[in-house]
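>>> let's see this in three dimensions:
(one chain, ligands or ions: 1)
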Amino acid sequence: MPPRCRFCGSPLSHTFVDLGMSPLCESFLSADQLDRVESFYPLTVRVCDACFLVQLSEYVRPDEIFTDYAYFSSFSTSWLDHARRYTDMIAERLRLGPESRVVEIASNDGYLLQYFVKKGIPAFGVEPASNVASAAEERGVPTWIGFFGAESAEELARTRGRADLMIGNNVLAQVPDVNDFVEGYRILLKPSGVATLEFPHVLRLMEGNQFDTIYHEHFSYFSFLTAEAIFAKHGLRLFDVEELPTHGGSLRIYACQRDNVGSPDTHRVAAMRALEQKSGLDRIDRYSSFPEQVHRVKRDLLKFLIAAREAGKAVAGYGAPGKGNTLLNYCGIRTDLISYTVDRNPHKHGMFLPGTHIPIFPPERIRQTRPDYVFILPWNLKDEIMEQLAYIREWGGRFLVPIPEVREYA
Ligand SMILES: [Zn+2]
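All right, here's what the predicted structure looks like:
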């Protein structure tokens, strides 16, 4: 029996891309775990030919992934800037004040809600990982620990009241039951309320060859058209949409209750529908050309790293993001090709990347060992990282970026 679409229930018979077997991308290993068995799960992505939702089966349950999470949003400077600018924009646009109520789903360590709290706008977060939730509480951001869906939305509406603004950044992709999740938004949003959600745009994933953003934590990959159909089924209307540069190209959708006359559709909604139709996102054959692009990056990257090694050059990684782990495992790159990587998050120091067992050091390691190439794994932050690491030019160091195509930067 073929698996079924998590939104519309149709059988899934089309493969979008098969990245082989991979460990969970956030399951970093300590030194004493290196000689134990690791769990690998398939990264086989399918696309539904009825609603065009690109999706990964639920190979791993969310409570195995998200309850002790190593990802702390506040370690990225550019992501904090993004959060602060969003807060200024939306507080002004919706005229939020001390009487308003803001809820963020998957509020992580309070990286965003802290800016609402500073403005005196009441806000609380919903976050399943208790370790990051306590970091949020320390920042003064009240946080309810648990997974979000229709049931928790009922409880939150009863105990804390419904919301004027609901936020969901990079969480829609991470819910296995997308219907239950979006139904929770309908329940917790006031009749006049607005919800904004940001998620990577599947159009940019395909055009930008961003296959490394596929991992077990990301169950779904959305177009605007598919997101619109999902929200509509739950009585919510998408009345505005913006394109953002984050994560290689994201959408920020604005949703309201279907009959909220205070939020008429903007011209951007029609323009986005037209763009996606023109790009073929409503036709199954558009999705079938993706694997060849992915195979080419693998060949080019291996060619580059092997040639560098043959020439006696040292390559160090920068960053330990989820996308790096997909890329390195899919390409079979281990310490024979990259001796180590570095990360600003001290929780990762002394640990090893899952599957590939590449060690993670503090960023100072780069200055100490002076590698010929720094291989930037979080390519979406490459400008920020090349600026921070400008000093590698002192010894003729160069940067290597894998996506959308393998490229060197002096
Ligand atoms: Zn479907």
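
>>> next, count neighbours for F239.
Each residue near F239 was counted by other CB atoms under 10 Å, and the total is 18. From N, CA and C alone the C-beta is placed, and that goes for glycine too.

>>> spell out the secondary structure type for it.
On the three-state scheme (DSSP: H, G, I helix; E, B strand; the rest coil), F239 is labelled strand.

>>> please tell me I have it right and it contacts D265.
Yes - assessed by CB atoms under 8 Å, F239 is found in contact with D265 at 4.9 Å.

>>> enumerate the residues of the stretch 51-200 of the chain near the ion.
C51, L53 (CB under 5 Å from the ion).

>>> tell me which stretches of the protein form helices.
62-65, 77-93, 113-118, 130-138, 150-160, 178-188, 202-207, 224-233, 267-278, 290-310, 322-331, 364-369, 382-388 (DSSP state H).

>>> so which of the ones you listed is the most packed in?
helix 322-331 (a mean of 24; mean count of other CB atoms under 10 Å).

>>> what's in contact with that helix?
19-20, 22-23, 25-26, 43, 71, 210-215, 217, 298, 301-302, 317, 333-334, 338, 341, 353-356, 358, 377-379, 402-403 (CB atoms under 8 Å, 6 or more residues apart in numbering).

>>> so how far is it from its chain's centroid?
14 Å (CA atoms, centre = their mean, to the nearest Å).

>>> report the inter-axis angle for it versus helix 290-310.
80 degrees (axes from the mean of the first three to the mean of the last three CA atoms, to 10 degrees).

>>> for the protein, name the helix or strand with the lowest mean pLDDT.
helix 62-65 (a mean of 70; mean pLDDT, DSSP states H and E).

>>> could I get that helix in PDB with only the CA atoms?
Only the C-alpha atoms of helix 62-65 are listed here, as PDB (Å, rounded to 0.1, in the frame of the first residue of the first chain):
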ATOM      1  CA  PRO A  62       8.100  14.300  16.600                       C
ATOM      2  CA  ASP A  63       8.500  13.700  20.300                       C
ATOM      3  CA  GLU A  64      11.800  11.800  19.500                       C
ATOM      4  CA  ILE A  65      13.000  14.900  17.700                       C
END
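
>>> buried subset of the contacts of helix 322-331?
19, 22-23, 25-26, 43, 71, 210-215, 217, 298, 301, 317, 333, 338, 341, 353-356, 358, 377-379, 402-403 (16 or more other CB atoms under 10 Å).

>>> returning to that earlier point: what's the closest of the helices of the chain to H349?
Among the helices of the chain, the nearest to H349 by CB to CB is helix 364-369 (9.6 Å).

>>> pLDDT (mean, whole number) over that closest one?
Averaging pLDDT along helix 364-369 gives 98.

>>> what's that helix in contact with?
A314, A316, Y318, Y340, V342, V374, L389, Y391, I392.

>>> shared neighbours of F239 and D265, which are they?
Counting by CB under 8 Å, 6+ apart, nothing touches both F239 and D265.
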